[in-house]
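Asker: Pasted the sequence and its predicted model underneath.
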Amino acid sequence: MSQIRFDGKTVIVTGGGGGLGSAHAKLFAARGANVVVNDLGGDVTGGGQGTSMADKVVEAIRAAGGKAIASYESVTEMSSAQAIIETAKKAFGGVHILINNAGILRDTSFKNMTEDDWDAVFKVHVKGAFCMSKAAWDTMREQNYGRIIMTSSAAGIYGNFGQANYSAAKMALVGFGQTLALEGLKNNVLTNIICPVAASRMTETILPPEVLAKLNPGSVSALVAYLCSDQSTENGSVFEAGAGRYVHIKWASGAGYRSPATDGLATIEEIRDHFAAIKDLSRPKLMNGISDSLNAFMA
Ligand SMILES: NC(=O)c1ccc[n+]([C@@H]2O[C@H](COP(=O)([O-])OP(=O)(O)OC[C@H]3O[C@@H](n4cnc5c(N)ncnc54)[C@H](O)[C@@H]3O)[C@@H](O)[C@H]2O)c1
């Protein structure tokens, strides 16, 4: 089989100076892409900024013979997102692939979580992905080509202690990505969502060294690159990836319980008496979209 390449394609990787972002950027560049390595260069909680994180990745890509340029803007404002897109266009003449990867953590129990902890996390993950996708959207639609990746997390899908803000933001990216997948399809703008597991400064304090040693971020990058390649038509899907394991995640619905009440108004006691049926997932049906859900209600 032919090698998958990205010659002539311009890729923007937000948070491209970090663990996962730098692995994505290096892989795309190694396969011929023009890469914009965007990174604000702050700490893991979103404090500070600097140029060295993006610069280091750009230097490594260039040293390996690849094409890359650094951008140090924050993804969190529309004006800076537009500036990042302009950087790509000026340096490489276009933008084809957007990897929304920038992220921060403000982990704490919900009891101790402040409004600022909530807002800061939403601003980078959700508003950042919005600003970048919005800034790239018209260009991708007009050229009838675009690939967008949202970086979600198992914390969003399943919840995680101490990550109420992060979990909520990461789940927001699933809904956002699935909607962009629907709206972009007719212009060949495909969006998928990944839930990675990788060694990085985000995980180095919570996972033991022997586990981290198995979590090379490059393992995630292979799936990201495939989903963004010309050889993939995948759209609107959610994947977990890490340590060489790749899994499709999908919602499933049980058969449920339907009240015989002609007005649809079940009593509380009816819910109690049929709660086992409501919860039963012994015959799960995979849900392919909102129409599957609506049709089940209307049946
Ligand atoms: N490492 C994991 O196991 C894991 C698991 C699930 C999800 N994720 C997600 O993957 C993404 C990458 O995380 P990572 O593990 O590589 O951590 P990381 O901290 O190494 O990378 C995140 C990068 O984003 C940059 N960044 C932060 N705010 C920014 C902003 N406003 N504008 C531009 N850049 C900004 C940071 O400087 C950093 O380089 C994040 O979205 C994270 O939530 C990681």
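Answerer: Cool, the structure landed. Numbers count the residues shown, from 1 in each chain.
Asker: contacts and neighbour counts: CA atoms only from here.
Answerer: Will do.
Asker: For Ala88, which three-state class applies?
Answerer: Secondary structure state of Ala88, per DSSP: H, G, I helix; E, B strand; the rest coil, is helix.
Asker: What is the neighbour count of it?
Answerer: 25 (other CA atoms under 10 Å).
Asker: do the same with Ala266
Answerer: Ala266, neighbours per other CA under 10 Å, totals 13.
Asker: How about it, nearest residue that isn't a chain neighbour?
Answerer: Ranked by CA to CA, 6 or more residues apart in numbering and with sequence neighbours excluded, the top spatial neighbour of Ala266 is Ser259, at 5.9 Å.
Asker: Am I right that the one you found is in contact with Thr267?
Answerer: No. Applying CA atoms under 8 Å, one finds Ser259 not in contact with Thr267, separated by 9.0 Å.
Asker: how about the nearest residue to the one residue in the stretch 151-299 of the chain that gets nearest to the ligand, chain neighbours excluded?
Answerer: Proximity of the stretch 151-299 of the chain to the ligand (CA to the nearest ligand atom) peaks at Val197, 3.5 Å away. Distances taken as CA to CA, 6+ apart put Gly242 closest to Val197, at 4.7 Å, once the chain neighbours are dropped.
Asker: wait, what's in contact with the one you found?
Answerer: Contact analysis of Gly242 by CA atoms under 8 Å, 6 or more residues apart in numbering lists Pro196, Val197, Ala198, Leu215, Asn216, Pro217, Ser219, Val220.
Asker: Bridge partners for the first one, pull those for me.
Answerer: Using DSSP bridges, the beta-bridge partners of Pro196 come out as Ala241.
Asker: Run through the residues that contact it.
Answerer: Counting by CA under 8 Å, 6+ apart, Pro196 has contacts Thr151, Ser152, Ser153, Ala154, Val220, Glu240, Ala241, Gly242.
Asker: Is the first one in contact with Val197, as I believe?
Answerer: The reference is to Thr151. No. Between Thr151 and Val197 there is no contact under CA under 8 Å: 10.8 Å.
Asker: where does the stretch 101-250 of the chain come near the ligand, residue by residue?
Answerer: Proximity of the stretch 101-250 of the chain to the ligand is confined to 101-104, 124, 151-153, 195-203 under the rule CA under 6 Å from any ligand atom.
Asker: cutoff 5 Å now
Answerer: Asn101, Ala102, Gly103, Ser153, Pro196, Val197, Ala198, Ser200, Met202 (CA under 5 Å from any ligand atom).
Asker: Near Glu77, how many other residues are there?
Answerer: By the measure other CA under 10 Å, the count of residues near Glu77 is 17.
Asker: isn't it right next to Val126, touching?
Answerer: No. Look at Glu77 against Val126 with CA under 8 Å: they stay out of range, at 11.3 Å.
Asker: low-confidence ranges in this protein?
Answerer: Applying pLDDT under 70 to the chain flags residues 1.
Asker: For the longest helix anywhere in it, buried residues please.
Answerer: What stands out as the longest helix in the chain, according to DSSP state H, is helix 164-184. Across helix 164-184, burial judged by 16 or more other CA atoms under 10 Å covers 164-174, 176-178, 180-181, 184.
Asker: do the same with stretch 271-286
Answerer: Ala277.
Asker: again with stretch 207-219
Answerer: Those would be Leu212, Leu215, Asn216, Pro217, Gly218, Ser219, for stretch 207-219 by 16+ other CA under 10 Å.
Asker: and if you look at stretch 41-53?
Answerer: Gly41, Gly42, Gly46, Thr51, Ser52, Met53.
Asker: for it, how far is the first residue from the last?
Answerer: The distance separating the two terminal residues of stretch 41-53, taken as CA to CA, to the nearest Å, comes to 5 Å.
Asker: And the contacts of that stretch?
Answerer: 17-18, 39-40, 54, 72, 103-106, 120, 201-202.
Asker: Buried subset of the residues you listed as a PyMOL selection?
Answerer: The following PyMOL line selects those of the contacts of stretch 41-53 that are buried, judged by 16+ other CA under 10 Å:
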select buried, resi 17+18+39+40+54+72+103+104+105+106+120+202
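Asker: Return the subset of the contacts of stretch 41-53 lying in helices.
Answerer: Per DSSP H, the contacts of stretch 41-53 map to helices at Ala54, Ala120.
Asker: Mind exporting the C-alpha coordinates of the longest helix of the chain to CSV?
Answerer: Presented in CSV, the C-alpha positions along helix 164-184 are these (Å, rounded to 0.1, in the frame of the first residue of the first chain):
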residue,chain,number,x,y,z
ALA,A,164,-15.5,18.8,36.8
ASN,A,165,-14.4,21.8,34.6
TYR,A,166,-12.2,19.7,32.3
SER,A,167,-14.7,16.9,32.0
ALA,A,168,-17.5,19.3,31.0
ALA,A,169,-15.2,21.2,28.5
LYS,A,170,-14.0,17.9,27.0
MET,A,171,-17.6,16.6,26.5
ALA,A,172,-18.5,20.0,25.0
LEU,A,173,-16.0,19.2,22.3
VAL,A,174,-17.7,16.0,21.4
GLY,A,175,-21.0,17.8,20.7
PHE,A,176,-19.2,20.6,18.9
GLY,A,177,-17.2,18.2,16.7
GLN,A,178,-20.2,16.0,15.9
THR,A,179,-22.1,19.1,14.8
LEU,A,180,-19.3,20.5,12.7
ALA,A,181,-19.1,17.0,11.1
LEU,A,182,-22.8,17.4,10.0
GLU,A,183,-22.4,21.0,8.8
GLY,A,184,-19.1,20.5,7.0
